[in-house]
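Chemist: Kindly return the folded structure for what I paste below:
(2 chains)
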Amino acid sequence: MAREWIECDETAKQFLTRVLSERPFLPLPPPLHRIPLRAGNVVEIVGPSPSSKTRILIQAAINCILPKEWKGVNYGGLERLVMFVDLDCRFDVLSLSRSLKQRIIRANGNGVGHKLNKVKDSLSGSKDAHAEYDKELFADSMRRFQYIRCYDSFEFLATLKTLQFQLQKDKEAHGTGVYLLMIDRRSLSLQSVSDTVVQEIQKILVVHPMLVLTTKAASLQEKFTTRGFISHSNRNTGQLAVESTLDSRTIRNSANVQLYREYMPSVWQPFVSHRMLVRPSDDNSKYQKQPIYVSEWLLPSLKLSDKFTINDDGSYIVS
Amino acid sequence: MPLLSSLERDYPLIDSDFCKFCASHAILSVEDFLLHDLYVLVISTEQHHNSERLKEGITQVLTIINKQHQPWVDGRELLDDALQNKRFLPTGCRSIDAFLHGGLKEGYLTELVGTSSSGKTQICLQTASAVAKNWGKIVFLDSGNSFSPKRVAQIVTQTPDLSAYEVDKALQQVMNNILCMSVFDIFTLFEVLHQLKNNLRSQIDKHIKMLIIDSISSLITPILGGGGAQGHALMVSVGFLLKRLAHEHDISILVTNHMVGGERGTSKPALGESWRSIPHVRLLLSKDHIRNIRSMSVLRHPHMAAGDRVEFELQ
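Modeler: Sure, this is the predicted structure:
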């Protein structure tokens, strides 16, 4: 009996192979590309409204539902199911379908593809160009996107409780498992039921390892009041002019730092393994059609921040 | 959420034994079931003599819970529904319709924000007459006695190229299709909306295409503030109820909001941060008194950039 304790269960190689196949790494589009994310991680994307949080989710979903290869063309997708829980009830399926079409057309190397940006959806004369995309592939991919909307926290709890059965059913129906669970929530407050929500999701993740992406609205505040105070004291203290100018400089620097208020209860915070902050960048030139956003990883905390822009074509890093 | 004991009639597995077992875990209703850890519950049935039957009861309650939430749909069905069922309703002003790529979309909650006398009520009345003429019924919830049948008649009779007989017929049609109701506080609003939801579900009112609430901010502002969270909770509930009505019954909902002073002398829409993310489309109306033209700009739209503007004239 004592010998069983000492004998090993599996070698390190077996362990690594098993973990990598059960909880693989998911390559995600920018701005989520800087940190390797695996099934089992919970990523929270926070930002004031409007930043492109839902559009980031849509781009990640497209990456997941497209197949790796179809009829000889490489799409670089994962061919897995995505479950999207819409707690905001504001999801626009037309933007998902537009982005998916653009991706398919672009991957086909169709030269006409990039001109289609200016053309309005489906009603214009260049219908032939639109018809170039593979309808079967489009339908197949769209079927891998599972959507549900919850109008209040009890509907959300009911969804979570029955999610296990749903996941099992989908696995049998489609033959592939689910890799991404997305929870889009801005204004629904889950304070009273957050314990149960976290427990349920943790249990589900043990049996069906998935990458969870959630969005959350945060409010950013700027420290304008301290700046006003320092300039007032500058006027009054003439002798201490040197010191107060130094003070005002440091205060001015920190006035640009924006505070991030954490709303979520203490149960939720350790549940989240990664956190990213997204916000619209301050220097938007008036002539640019595409708004630029700044993303910054808060957890794990990286010192650099990315500037990116996002539209129907996909998301791109700027500068 | 029903009490477990009341479900015995429809679901014979949920008998008094089961109810007693659940009561021993402080579970009295389906709601309590949702908050409880099911695995712990299943393990605790092992201690009872009829554990098999209790487990079947738990499965039965789970199937009830499965009906409590919306069904899962896939992207294909969602897209079909968006393309076929959700059409655009006209606002009565051609430049606005062109600006919004067709008009006000069914299934969307559109908010018009503006200072007083920027044209919100006028646009509401104009939209009401345009939709009532050709599309279907409208429910107009009026919180400030701003609905005026005379004004609607004026808008209808101002349509050019119609003979007197046709104008009369159009007027009859429009007046028959607009259902106006005065609502002065948020609780009456909830009552009206719940009644509307039941009527739509049971198909009593089949032809309602649009719901206009002028103005929703005057109904919500009295309950906000005071430091309590109940006002915000009521506001968010109204928002979600409206979105549900819009999506499930293919209705376009138009609400109006006023403006308040923001920081550093600018003005911002009322109702605060929590309301900001509730409407699908937010439009800002303003009137330039010097040039006497009105303009509408986008604050938020699913696929238009914020800041897009159009100038138009109202009749």
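Chemist: A:Asn108: neighbour count?
Modeler: A:Asn108 has 17 neighbours, counted by other CB atoms under 10 Å in any protein chain shown. Backbone N, C-alpha and C define where each C-beta goes, glycine included.
Chemist: so B:Thr121, which of the three states?
Modeler: Secondary structure for B:Thr121, judged by DSSP: H, G, I helix; E, B strand; the rest coil, is helix.
Chemist: how about the helices in chain A?
Modeler: A:2-6, A:12-22, A:53-65, A:93-107, A:127-131, A:135-143, A:153-161, A:163-174, A:194-207, A:224-236, A:241-255, A:268-271 (DSSP state H).
Chemist: Quick check: which of those helices is buried the most?
Modeler: helix A:53-65 (a mean of 24; mean count of other CB atoms under 10 Å in any protein chain shown).
Chemist: Give me the mean pLDDT for that one.
Modeler: Helix A:53-65 carries an average pLDDT of 82.
Chemist: Restricting the selection to alpha carbons, write it to CSV.
Modeler: C-alpha atoms of helix A:53-65 as CSV (Å, rounded to 0.1, in the frame of the first residue of the first chain):
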residue,chain,number,x,y,z
LYS,A,53,-15.4,45.5,-26.2
THR,A,54,-18.2,43.7,-27.9
ARG,A,55,-16.4,44.0,-31.2
ILE,A,56,-13.3,42.4,-29.7
LEU,A,57,-15.5,39.5,-28.7
ILE,A,58,-17.0,39.3,-32.2
GLN,A,59,-13.5,39.1,-33.7
ALA,A,60,-12.4,36.5,-31.3
ALA,A,61,-15.6,34.5,-32.0
ILE,A,62,-14.9,34.7,-35.8
ASN,A,63,-11.4,33.3,-35.1
CYS,A,64,-13.0,30.4,-33.3
ILE,A,65,-15.8,29.4,-35.6
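Chemist: So for residue 267, what's the pLDDT?
Modeler: Picking chain A for this. Taking A:Val267 on its own, its pLDDT is 69.
Chemist: oops, chain B please
Modeler: On the pLDDT scale, B:Ser267 gets 81.
Chemist: gap between the closest residue to it other than its chain neighbours and B:Ile213?
Modeler: Spatial nearest neighbour of B:Ser267, chain neighbours left out: B:Met259 (4.5 Å); criterion: CB to CB, 6 or more residues apart in numbering or on different chains. When distance is defined by CB to CB, to the nearest Å, B:Met259 is 17 Å away from B:Ile213.
Chemist: Next: A:Leu26.
Modeler: A:Leu26 is 43 Å from B:Ile213, by CB to CB.
Chemist: Ok, B:Asn177 next?
Modeler: From B:Asn177 to B:Ile213 the distance is 17 Å (CB to CB).
Chemist: cool, B:Phe312 as well?
Modeler: For B:Phe312 relative to B:Ile213 (CB to CB), the value is 22 Å.
Chemist: And B:Phe240, by the same measure?
Modeler: 15 Å.
Chemist: Over to B:Ile253?
Modeler: 7 Å.
Chemist: With neighbour numbers in mind, choose between these two.
Modeler: Neighbour tally, B:Ile253 and B:Ile213, criterion other CB under 10 Å: the higher count belongs to B:Ile213, 27 against 23.
Chemist: Would you confirm that that one contacts B:Ser146?
Modeler: No: B:Ile213 lies out of contact with B:Ser146 (CB atoms under 8 Å); the separation is 11.3 Å.
Chemist: send the alpha carbons of stretch B:185-198 over as CSV?
Modeler: Only the C-alpha atoms of stretch B:185-198 are listed here, as CSV (Å, rounded to 0.1, in the frame of the first residue of the first chain):
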residue,chain,number,x,y,z
ASP,B,185,-45.3,57.8,-12.9
ILE,B,186,-43.1,54.8,-13.3
PHE,B,187,-45.4,52.3,-11.6
THR,B,188,-48.2,53.0,-14.1
LEU,B,189,-45.6,52.6,-16.8
PHE,B,190,-44.8,49.1,-15.5
GLU,B,191,-48.5,48.2,-15.4
VAL,B,192,-49.1,49.4,-18.9
LEU,B,193,-46.0,47.6,-20.2
HIS,B,194,-46.9,44.3,-18.5
GLN,B,195,-50.4,44.6,-19.9
LEU,B,196,-49.0,45.2,-23.3
LYS,B,197,-46.7,42.2,-23.0
ASN,B,198,-49.6,39.9,-22.1
